[in-house]
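Q: Next come a sequence and a model predicted from it.
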Amino acid sequence: MSRIVTFRGLMADGAQERISLETIRGEKGYKINKLQLISQSPGVLDTELVFKVYSKEQTTITSTIDFSKTTLLGIVYFSNGDSRVEPPASTIIFDNMIFNQDIFITLKDAGANAAPANYYIELEQMDLALDEATVATLKDIRNND
């Protein structure tokens with residue numbers, strides 16, 4: 001049986017936050033259903049926000065996106081204002097990834113305004129059998145990028 005768990009908040013540019021999901025035996029698994037992002041002041045500042053979700057803590061917060069990183073679970077790109085060249089928003093979720101440990105979210109404004117942003121994350125929570133919990137935990141431990 002699965003249920004939906006949601007998280008929301010306001011992040012500063014260059015910030016990283018931990019979302020605590022870990023259980024003692026790792027019997028709860030999660031996968032991302034939805035990621036959304038909006039500037040704190042839409043229509044006021046030119047922004048090019050990059051919001052990323054990782055399975056491991058990041059040592060540096062950048063706006064660069066690299067799909068070869070195995071710890072990357074999803075991204076949102078949100079742009080706002082006159083200088084916008086790309087589509088105003090783009091979301092990519094790697095939906096086949098089930099995790100049972102804490103996740104880390106980062107925000108970086110690729111533009112010059114260092115704008116804060118609001119985020120919304122929707123996770124599907126599911127019960128994991130002992131072997132599934134072991135595999136998910138070991139996968140998190142081995143991913144080192």
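A: Right, received. Where do you want to start?
Q: residue closest to the middle of the protein?
A: Among the residues of the chain, the one closest to the centroid is residue 53, at 2.1 Å (Cα atoms, centre = their mean).
Q: Check the secondary structure at that residue for me.
A: Taken by DSSP: H, G, I helix; E, B strand; the rest coil, the conformation at residue 53 corresponds to strand.
Q: Is it in contact with residue 121, as I believe?
A: Yes - here residue 53 lies in contact with residue 121, judged by Cβ atoms under 8 Å, at a distance of 7.1 Å. (C-beta placed from N, C-alpha, C; glycine too.)
Q: Find the residues that touch each one of these two.
A: Taking Cβ atoms under 8 Å, 6 or more residues apart in numbering as the criterion, residue 53 and residue 121 both touch 32, 35, 105.
Q: In terms of pLDDT, where does residue 81 sit?
A: We have a pLDDT of 71 for residue 81.
Q: got it, and residue 137?
A: Residue 137 carries a pLDDT value of 63.
Q: for the protein, what spans make up the helices?
A: In chain order, the chain shows helices spanning 130-142, with DSSP state H as the criterion.
Q: before we move on, the earlier item: how about the contacts made by the residue nearest to the centre of the chain?
A: Counting by Cβ under 8 Å, 6+ apart, residue 53 touches 32, 35, 72, 73, 74, 75, 103, 104, 105, 121.
Q: Now render those residues as CSV, adding neighbour count and pLDDT.
A: Converted to CSV, those look like this (neighbours: other Cβ atoms under 10 Å; pLDDT from 0 to 100):
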residue, neighbour count, pLDDT
32, 20, 94
35, 21, 94
72, 21, 95
73, 24, 95
74, 21, 95
75, 21, 96
103, 25, 95
104, 17, 97
105, 23, 98
121, 24, 97
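Q: any idea which of those residues is closest to residue 18?
A: Proximity of the contacts of residue 53 to residue 18, judged by Cβ to Cβ, is greatest for residue 104, which lies at 5.7 Å.
Q: that older thread, just checking, which of the contacts of residue 53 belong to strands?
A: The subset of the contacts of residue 53 located in strands under the criterion DSSP state E comprises 32, 35, 72, 73, 74, 75, 103, 104, 105, 121.
Q: List the residues that contact the nearest residue to residue 3 once chain neighbours are set aside.
A: Nearest residue to residue 3, sequence neighbours excluded (Cβ to Cβ, 6 or more residues apart in numbering): residue 125, at 5.2 Å. With contacts defined as Cβ under 8 Å, 6+ apart, the neighbours of residue 125 are 2, 3, 4, 5, 28, 29, 30.
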